[in-house]
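S.K.: Take this sequence and fold it.
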Amino acid sequence: MDLRLEDSVVVVTGASAGIGEATVGAPTAEGAVAVAVARHPEGVEALGPQVSGLASDLTEHGAAQRVVQEVLAPVSGPADRRTRTGSQPLHSYDSPIKHSTRNPLMHKLTRIILITAAFAGTAVLTVGAGVAVGAMDYHRQTGEPSTQESPRSLIDRTPGLVQPAALTVDRSIGRRRASQEVHLAQQLYTFWNTGQQKYLDAAVSPHFTDNTLPGGRPQGPAGPAFASKNFRTAVPDLTCELADLLITGDKITARLVFRGHFTGTFDGVRGKGQEVRFNAIDIQHVGADKIVEDWHIEDNETLLSQLGVTG
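M.R.: Here you go, the predicted structure:
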């Protein structure tokens, strides 16, 4: 198996048992330097001299950050090799990091990959985001990898659902949550693409709040339904392109491109079939299972100009 781990430091948490213990030996076989993190010194000492060891309880406040700092320490060459996690120093940690001829830290830090086998690993991913270029987040609850594969694997390919042209996903939230938020975004913007109420109902909570509510639009889920119906009176062939979709924490950010032809009536003005094309930006806040509030801004100046209506 070629995982292309040369010139990498792979940090494995929960390394003394279970998934972590089963995983920690693989990076060294692929040419990487492996750093095992476990709660007790004896847990990592038992893994052998080919694996570097750090003893740390990642459930403690600040422990994840200290682990990342310790892994980075050989770059700055500290004189004191005692771990900064508050545990006793481990001989197995000192040797491969400082002396391995294949160690990338001897010449330059190429990348650090974090493999987490505990919920505390989420904190490691957050703290290490500035140096990590890849990660696998293994949860004890499910035992499944998060988003090491392409984010596009999270997209629901059901016929009729809007497909995002570009997708960026915050891996720290885990695959299940990321997939849920991508799906909610697809449902919401399929509603804007088609005007079909069923997609709106599937995406937004009954307690949904519009934090940038335009004048004359009702609050709650009735607001988007009202806006869609009214605008389709002016532009019956309205479509909504989900040009960019960003999934970060409990927020969905979307860049939208609306297109159509002004063949209906808007504000007393009859359309002549002219093309309509304008952009919008949305931020959606996702609750436990549906979107609970949003903020949005549309390029109304461009829209009104295309419709031939003064603002």
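S.K.: from here on, contacts and neighbour counts on C-alpha atoms
M.R.: OK.
S.K.: Flag the shaky bits of the stretch 101-250 of the chain, pLDDT-wise.
M.R.: The stretch 101-250 of the chain contains residues with pLDDT under 70 at 101-149.
S.K.: helix, strand or coil for residue 206?
M.R.: Following DSSP: H, G, I helix; E, B strand; the rest coil, the label given to residue 206 is strand.
S.K.: And for it, the neighbour number?
M.R.: 13 (other CA atoms under 10 Å).
S.K.: what ranges do the helices span in the stretch 101-250 of the chain?
M.R.: Remark: helices assigned in the stretch 101-250 of the chain by DSSP state H, counting those that start in this stretch are 121-127, 175-194, 197-203, 222-234.
S.K.: which strands and helices sit next to the third one?
M.R.: This points to helix 197-203. helix 175-194 (3 or more CA pairs under 8 Å, 6 or more residues apart in numbering; DSSP states H and E).
S.K.: In terms of secondary structure, what does the helix it packs on contact?
M.R.: helix 197-203, strand 239-248.
S.K.: Report the buried residues of the longest one.
M.R.: Residues of strand 239-248 classed as buried by neighbour count (16 or more other CA atoms under 10 Å): 239-242, 244-248.
S.K.: so which of these comes closest to residue 192?
M.R.: Using CA to CA, residue 240 comes nearest to residue 192 of the buried residues of strand 239-248, at 5.9 Å.
S.K.: okay, now residue 304: neighbour count?
M.R.: 15.
S.K.: should've said residue 198
M.R.: Residue 198, neighbours per other CA under 10 Å, totals 12.
S.K.: Excluding chain neighbours, what is closest to residue 249?
M.R.: Spatially, and ignoring its direct neighbours in sequence, residue 249 is nearest to residue 173 (6.1 Å; CA to CA, 6 or more residues apart in numbering).
S.K.: Just give me the neighbour total for that neighbour.
M.R.: Residues near residue 173, counting by other CA under 10 Å: 20.
S.K.: isn't it right next to residue 251, touching?
M.R.: No: if you go by CA atoms under 8 Å, residue 173 and residue 251 don't touch, sitting 10.9 Å apart.
S.K.: residues contacting the residue nearest to residue 182 when sequence neighbours are not counted?
M.R.: Nearest in space to residue 182, with sequence neighbours left out and distances taken as CA to CA, 6+ apart, is residue 155 at 6.5 Å. By CA atoms under 8 Å, 6 or more residues apart in numbering, the residues touching residue 155 are 163-164, 179, 182-183.
S.K.: again, only this time at 10 Å
M.R.: 161-164, 167, 178-183, 185-186 (CA atoms under 10 Å, 6 or more residues apart in numbering).
S.K.: From the residues you listed, pick the one nearest residue 224.
M.R.: residue 185 (14.2 Å).
S.K.: wait, doesn't the closest one sit right on residue 252?
M.R.: Yes: with contacts counted by CA atoms under 10 Å, residue 185 reaches residue 252, the gap being 7.2 Å.
S.K.: Show me which of those two is the more surrounded one.
M.R.: residue 185 (30 against 22).
S.K.: And stretch 206-224, end to end?
M.R.: Distance between the two ends of stretch 206-224: 12 Å, counting by CA to CA, to the nearest Å.
S.K.: Please point out which parts of that stretch sit buried.
M.R.: Going by 16+ other CA under 10 Å, stretch 206-224 has these buried residues: 208-210, 213, 219-221, 223-224.
S.K.: In the sheet, which residues pair with residue 291? Tell me.
M.R.: residue 204, residue 286 (DSSP bridges).
S.K.: separation between the closest residue to residue 184 other than its chain neighbours and residue 27?
M.R.: For residue 184, the nearest residue in space outside its immediate sequence neighbours is residue 203; the separation is 5.2 Å by CA to CA, 6+ apart. Between residue 203 and residue 27 the computed distance is 41 Å (CA to CA).
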